[in-house]
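1. Build me a structure from this.
(chains A, B, C and D)
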Protein chains: 2
Amino acid sequence: MTLPDAAENAADAAQMARICWYYFKEGQTQEAIAQRLKITRKRVNQILGDARQNGFVQITIASSIGPCHELETALVATFGLRQAIVVPSPLAGGDARPLVGAAAGQYVSEHLPPAGALGISWGGTINAAAQNLARRRGMNNRVVLLCGGLAESTLVNPYDNAAMMARALDATCYYITAPMFAESRTLRDALVASEPIRSVLAMVPTLDLALLSAIDLSKQSKPLEYGVISRATWQSLRDAGAVGDICGHYLDAEGHTVDHPLTSLVVSPKLDDLRRVPELVLAAGSRQKVAIIRAAIRAGLCHVLITDEDAAKDLAQG
Amino acid sequence: MTLPDAAENAADAAQMARICWYYFKEGQTQEAIAQRLKITRKRVNQILGDARQNGFVQITIASSIGPCHELETALVATFGLRQAIVVPSPLAGGDARPLVGAAAGQYVSEHLPPAGALGISWGGTINAAAQNLARRRGMNNRVVLLCGGLAESTLVNPYDNAAMMARALDATCYYITAPMFAESRTLRDALVASEPIRSVLAMVPTLDLALLSAIDLSKQSKPLEYGVISRATWQSLRDAGAVGDICGHYLDAEGHTVDHPLTSLVVSPKLDDLRRVPELVLAAGSRQKVAIIRAAIRAGLCHVLITDEDAAKDLAQG
DNA sequence: CACCAGACGACACATATGTGACGTCAATGG
DNA sequence: CCATTGACGTCACATATGTGTCGTCTGGTG
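-> Got it, this is the predicted structure:
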């Protein structure tokens, strides 16, 4: 597999754009396009597939009434949210993250002010959001990654996420150049106090919007699967009552931070700084995240919730 | 045929949104969606077709390098434009207006400030633009129609255009409640001086952006075809040296207004008022419009040009 | 020079999609 | 009450699409 969003060279990009134009805008058949451009139909097919894959073409559904309108109003009413966006859950019980992420990308595109500063956390949902941002050029946006990095690159790496997001917005990107979890409390404190990291964390209260995702501690949790946290840590976090984390802050069902050694190792913005962001958008879907979503809302970390139908139903019912 | 963009009722809209979501976002097959929703595949197919037709789903190609990048830079350089957007011409020599309009809609979506005031002229291109606007809600936009109406409703009617545009932006719409061409000069003057019309025309200098289209005087000109102007008038305009009009102002190849009786009958904003709009976007494509496009640029009525490849080539070369 | 990996073209074929023909049924109007 | 009409379901079928296989070419690489 090539790089997920290889910009390739200009000629290729132009041809891709042309093919997409003929196909999606003009409604030409792949065969016709292939003949016109003197390439094989298969090639056209491939290019179109790639283009959809990596967000080169974006499909937006412009409707004042979304498909799950009742659930949205129910969530707003129940939790006192500013807004809720609920997208249909995947039919075949598939992965909700690309879908929730797509909606999140669209939301951010529409709500991040020009020259705005965007904070992001990381994960598959955020990754999908990045691919669904409307591209901006030269608007002086800033992207701030709200967590440290992972040494071992998994499929979804925080730095990758942030870079992709920044590229889509033509934004300057600010990274926390530290591991997500420091090895010791002393090291964590030293890192947080040290220059490049302190200055990035200091940007948090100046953000215009933060796009947060929720990481759950269920058995199907991705970080567990990818080995971001060990099984032992996972178990002890659960024992401590945690249902997941938002940006490295582990919360119990009530939305209070749990008492656990890990909490003093995390390099991330303070909760109070996060709460100072004028618009906190939480993008997280699927049943396994219901508990942490509810906790996040209770913790005052969610003004706008973007989720899927399954999770929304559970949330709305109680 | 039903209304082109019948909003239908909420339930229908929600189902349409859901179907589009499953199909375009999740990539489900029409068959699968039909089964899931207990409707026939044909119905799904129809709904998807409708949705694409009337701009319910919008497909945008997010590329920094468009398919005709060289032509764009050439046009900017040659004519001193702020920006040029060139889209591929229709393959089978079809109608360029929906394509140019689609690009125009996207441009306006991205450049009209929140709570901005948008002026529009009319025609098939503008119509297509309206269907390709990103929907806005409650942003207090305003839409001002920059020409009078037509008594006889053709396929593309100015009032229709404006209403569609306003609906997409959830904007208040201001119409010039007068015919496009008054019967006599006296009547024109009386109309322009009279209340509802004067106040709308007075809004022109306060616009943030105007989306203009160009009407040519070639034999294939749509207004001629639809009988908006008589053949005799058409001939006399050509004899007077006119190559087309922008918002009712007939220009010769050099961009000067022509001397012709019709010019004193048109109910429309003054050229100087138009020129005061900070961003004039001209959306017009196909070869037959090259002359009037060039005239409009020379007349200072075009900061941003959105056109198609054929026209762009002619413009750049000649 | 021999070799090999990978890109690409030429098929081939199973599905998916768009559309037409035709029958049914319910609402509408005389 | 009955005829008309139009919306919608079923079936059918021509295209369009996505994907797999195989052979060729090309550009490294030892």
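
2. Which residues of the stretch 1-150 of chain A lie near DNA strand C?
-> A:2, A:39-40, A:42-43 (Cβ under 7 Å from any atom of the strand). Just so you know, the C-beta spots here come from the backbone N, C-alpha and C atoms, and that holds for glycine as well.

3. between the residues you listed, which is nearest chain B?
-> residue A:39 (14.6 Å; Cβ to the nearest Cβ).

4. Mind listing what's buried along stretch A:295-304?
-> For stretch A:295-304, a neighbour-count test (16 or more other Cβ atoms under 10 Å in any protein chain shown) marks A:295-299, A:301-304 as buried.

5. should've said stretch A:168-187
-> A:168-169, A:171, A:173-182.

6. Just the strands from the stretch 1-150 of chain A, written as ranges.
-> With DSSP state E, counting those that start in this stretch as the criterion, the stretch 1-150 of chain A has strands at A:57-61, A:83-87, A:117-120, A:142-145.

7. For the first one, name the packing helices and strands.
-> It refers to strand A:57-61. Strand A:57-61 sits against strand B:57-61, with contacts defined as 3 or more Cβ pairs under 8 Å, 6 or more residues apart in numbering or on different chains; DSSP states H and E.

8. quick one: contacts of the strand it packs on?
-> Strand B:57-61 is contacted from outside by A:17, A:20-21, A:24-25, A:51, A:56-62, A:134, B:20, B:24, B:51, B:106, B:132, B:134, using Cβ atoms under 8 Å, 6 or more residues apart in numbering or on different chains.

9. re the thing from before, kindly reformat the strands of the stretch 1-150 of chain A as JSON lines and extend each row with distance to residue B:121 and mean pLDDT.
-> Compiled in JSON lines, these are given as follows (distance: least, Cβ to Cβ, whole Å; pLDDT from 0 to 100):
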{"stretch": "strand A:57-61", "distance to residue B:121": "26", "mean pLDDT": "92"}
{"stretch": "strand A:83-87", "distance to residue B:121": "35", "mean pLDDT": "97"}
{"stretch": "strand A:117-120", "distance to residue B:121": "37", "mean pLDDT": "96"}
{"stretch": "strand A:142-145", "distance to residue B:121": "38", "mean pLDDT": "95"}
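
10. Just say which of those is most tucked in.
-> Of those, the one with the most neighbours on average (mean count of other Cβ atoms under 10 Å in any protein chain shown) is strand A:117-120, at a mean of 27.

11. mind listing what that one pairs with, with the direction of each?
-> Sheet pairing for strand A:117-120, assigned by DSSP bridges, gives strand A:142-145 (parallel), strand A:209-216 (parallel).

12. To residue A:78, which of these lies closest?
-> Closest approach to residue A:78 among these (Cβ to Cβ): strand A:209-216, 17.5 Å.

13. Please tell me how far the residue nearest the centre of chain A sits from residue A:290.
-> Chain A has residue A:126 as the residue nearest its centroid, 1.5 Å off, counting by Cα atoms, centre = their mean. Taking Cβ to Cβ, to the nearest Å as the criterion, residue A:126 is separated from residue A:290 by 19 Å.

14. Domains in chain A, by residue range?
-> Domains of chain A are assigned by automatic domain parsing as A:10-53, A:69-317.

15. right, so these: which one is the most enclosed?
-> For the domains of chain A, the highest mean count by mean count of other Cβ under 10 Å goes to domain A:69-317, at a mean of 20.

16. now do the same end-to-end measure for that domain.
-> From its first residue to its last, domain A:69-317 covers 16 Å (Cα to Cα, to the nearest Å).

17. circling back to that earlier point, with distance to DNA strand D added, can I get the domains of chain A in CSV?
-> Output for those, formatted as CSV (distance: least, Cβ to the nearest atom of the strand, whole Å):
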stretch, distance to DNA strand D
domain A:10-53, 3
domain A:69-317, 15
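
18. Surely residue A:166 is within a strand?
-> No. Counting by DSSP: H, G, I helix; E, B strand; the rest coil, residue A:166 is located in no strand; its state is helix.
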